[in-house]
Every structure is written in structure tokens, then in C-alpha cells.
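Enquirer: Test case, fold it:
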Amino acid sequence: MVYFSFEHDNHSLLERLIIMEAAEIAGNYAVQLPAVRQAFNTPGSTDRMMAGRLAGTEGGAEAVRALEGYSERLHLHRSSGAETSVEAMSGVIESIREDTSQTPFVVVDYLQKVHCAPQATDRRKTAGLSEEERTTEVVEGLKDMSLELNVPVLALVAVDTSGLAEAVKTRLQDLRGSSALAHEADVVLLLNNKFDVVARHHLMYDTGNADQFHHWVVMNIAKNRSGADSVDLEFRKRFEHSRFDTDGGQVQEELIDDRVFVE
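Expert: This is a model prediction of the structure:
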């Protein structure tokens, strides 16, 4: 896998990978981020290896060894909105394929940060593009790259302010920047906090259960070119370990659409 990160440096990603792996191994009592950071930053430690520094934590040492097991297949790329274009990504992917003889899974975090590189003959025109036009350029570039290099691409996408309003379920048209996001993607997944999108009567008449909705996210399969769509799945948040429980299920409660549900 190659992870193009426009938001976090490689050190921060490694810290989060450790606590994610630890939670897979030790469950909800696994070591958390503050302890991992302390292990990284402890001056004068007699143990130079992270597995040793985390030996007294729940799942920490085992998580480090798990990372070591797939480290050669994991490529973290510190990306820049000023420099990392789709063309630059293609170069990185081709280099990885040449070095490893493997085709990586590509993650872009996140799409609106990708540099829209002007063509040498058309710099003035590209520099004046609107956000929608720039996003279209990037989306189409990623789609072309996926097809040309035969690589799967997962791109995280920012949501416009229309999708952040209270009691509104995020829709395809709320993705920030361009309708191309909906048209070019083979699969579109939308995430919402469950508390924000369950129908009103679930909040009014069972307040105890309503509090539990804060701990869950609803993943809507808004588009699926080769399978079922308009499906709502739910997963429990485990943000203390930078993850979701992978054992989810289909949402049983009624959800709002694009307005507050009123009986």
C-alpha cells in the first residue's frame, strides 16, 4: 500500500498505526496514543527499539512486531498540496512497482489537497481555475491513473458546508468541489455520526439509548457500480485507537433524509 498523506507526517501515522494494531491484538484496553508518544520521546532510554519501550503496555510490543511484518509493503508518502500532483503520484507508484514487482493499493488523504499541476503550455489558464474545476482535473487524473497503471485508488474527500449542517444526512452532492466526484468513482461511501442522522422519534422517546448513538457512525453506500447501493451500515467508533470496530451491521433505526424527521 502507498499512503499519500497531505494532513499528517509519517511519524504521526506510525504512532496511529501502532495503537490501531495494538487494539486489534489486545482489544479496547490496548495502549493508547499518549503512551506511544511518551515511548517515542523518552530521552536516554536504555532500549532503542520501540518493541522494548512498549513491552509493559497492552499490545504495544506485539503491535510493533506486526508493523515490522508488513513494513516492506507499506509506503508512507509525505505529500504537499504545493507539489504532489497526480503525475507525481504516478511516478511514486511506478517506482514502487519497479522496486517490489507488486502493484500497491493507493490511498489519497485527501483529494482536495492534491496539487493541480498546470500544463507547461497552459499555466495561466490552470492557475485561474475555480475549486470545482481543479477538483474535476484531479478526479479525472486519478481515474486515468487508476486505469493506466491498473491500481485501485481510495481517495478521502472533504464535505461542503451543506453536508455539515445539523440534522442533515450527507449526500453525494455535498462532496466538496465537483460533480465529477460522484460520476467518476466506482464506489462512494459517505460517513455520518449516527446521532445526527437517526429519525427524531428515536431521540425523543428513548433518551438513554439515544446517548449510545454518539458512539456509532453510519456508512452509507451511496454508489456501487458493481453491486448494491443505498445501503446504511453502522460501525462503533474506537477513536481512542484511531479506528472503527470492523464488526459492523446494517442500521435498524429509521434515518432522516435531508430534513429533520417529524411525525
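Enquirer: rest of the way, CA atoms for contacts and neighbours
Expert: Will do.
Enquirer: Now do the lengthiest helix in the chain: which elements does it pack against?
Expert: Ranked by residue count under DSSP state H, the longest helix found in the chain is helix 131-149. Applying 3 or more C-alpha pairs under 8 Å, 6 or more residues apart in numbering; DSSP states H and E, we find helix 131-149 packed against helix 86-100, helix 180-184.
Enquirer: switch the cut-off to 6 Å
Expert: For helix 131-149, there is no helix or strand it packs on, judged by 3 or more C-alpha pairs under 6 Å, 6 or more residues apart in numbering; DSSP states H and E.
Enquirer: List the buried residues for it?
Expert: Buried positions in helix 131-149, judged by neighbour count with 16 or more other C-alpha atoms under 10 Å: Glu133, Arg134, Thr135, Thr136, Glu137, Val138, Val139, Glu140, Gly141, Leu142, Lys143, Met145.
Enquirer: Between the residues you listed, which sits nearest Pro104?
Expert: Using C-alpha to C-alpha, the shortest approach to Pro104 within these belongs to Met145, at 12.7 Å.
Enquirer: ok, Asn10 to Val2 distance?
Expert: Here Asn10 is placed at a distance of 12 Å from Val2 (C-alpha to C-alpha, to the nearest Å).
Enquirer: neighbour count winner among those two?
Expert: Val2 (20 against 16; other C-alpha atoms under 10 Å).
Enquirer: I'd say that one and Val106 touch.
Expert: Yes: Val2 lies in contact with Val106 (C-alpha atoms under 6 Å); the separation is 5.1 Å.
Enquirer: Give me the pLDDT for the spatially most central residue of the chain.
Expert: Nearest to the geometric centre of the chain sits Leu156, at 5.2 Å (C-alpha atoms, centre = their mean). pLDDT for Leu156: 96.
Enquirer: That one: what's it in contact with?
Expert: Neighbouring residues of Leu156 by C-alpha atoms under 6 Å, 6 or more residues apart in numbering: Asp109, Tyr110, Leu111.
Enquirer: can you rerun that using 7 Å?
Expert: For Leu156, the contact set (C-alpha atoms under 7 Å, 6 or more residues apart in numbering) comprises Val108, Asp109, Tyr110, Leu111.
Enquirer: Put together CSV for those, with pLDDT, secondary structure and neighbour count on each row.
Expert: Output for the contacts of Leu156, formatted as CSV (pLDDT from 0 to 100; DSSP: H, G, I helix; E, B strand; the rest coil; neighbours: other C-alpha atoms under 10 Å):
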residue, pLDDT, secondary structure, neighbour count
Val108, 98, strand, 22
Asp109, 96, strand, 20
Tyr110, 94, coil, 18
Leu111, 96, helix, 22
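Enquirer: with those residues in mind, which one is nearest to Leu33?
Expert: The closest of the contacts of Leu156 to Leu33 turns out to be Asp109 (C-alpha to C-alpha; 20.6 Å).
Enquirer: which ones are touching the closest one?
Expert: Phe4, Ser5, Phe6, Glu7, Ala155, Leu156 are the contacts of Asp109 under C-alpha under 7 Å, 6+ apart.
Enquirer: Could you do His241 as well?
Expert: Ile19, Met20, Ala23, Gln32.
Enquirer: Just the buried subset of those residues, please.
Expert: Buried by 16+ other C-alpha under 10 Å: Ile19, Met20, Ala23, Gln32, out of those.
Enquirer: quick one: the second one and Phe244 touch, right?
Expert: No: taking C-alpha atoms under 7 Å as the definition, Met20 is not a contact partner of Phe244, at 9.4 Å.
Enquirer: Quick check: phi and psi on Glu234?
Expert: Main-chain torsions, Glu234, degrees, to the nearest 10: phi -130, psi 140.
Enquirer: residues touching it, list them.
Expert: Contacts here follow C-alpha under 7 Å, 6+ apart; on that basis Glu234 touches Trp216, Val217, Val218, Met219, Gly248, Gly249, Gln250, Val251.
Enquirer: what about 6 Å?
Expert: Val217, Val218, Met219, Gly248, Gly249, Gln250, Val251.
Enquirer: Of the residues you listed, which is the most crowded?
Expert: Counting neighbours by other C-alpha under 10 Å, Val218 comes out on top of these with 28 neighbours.
Enquirer: Cool, thanks, talk later.
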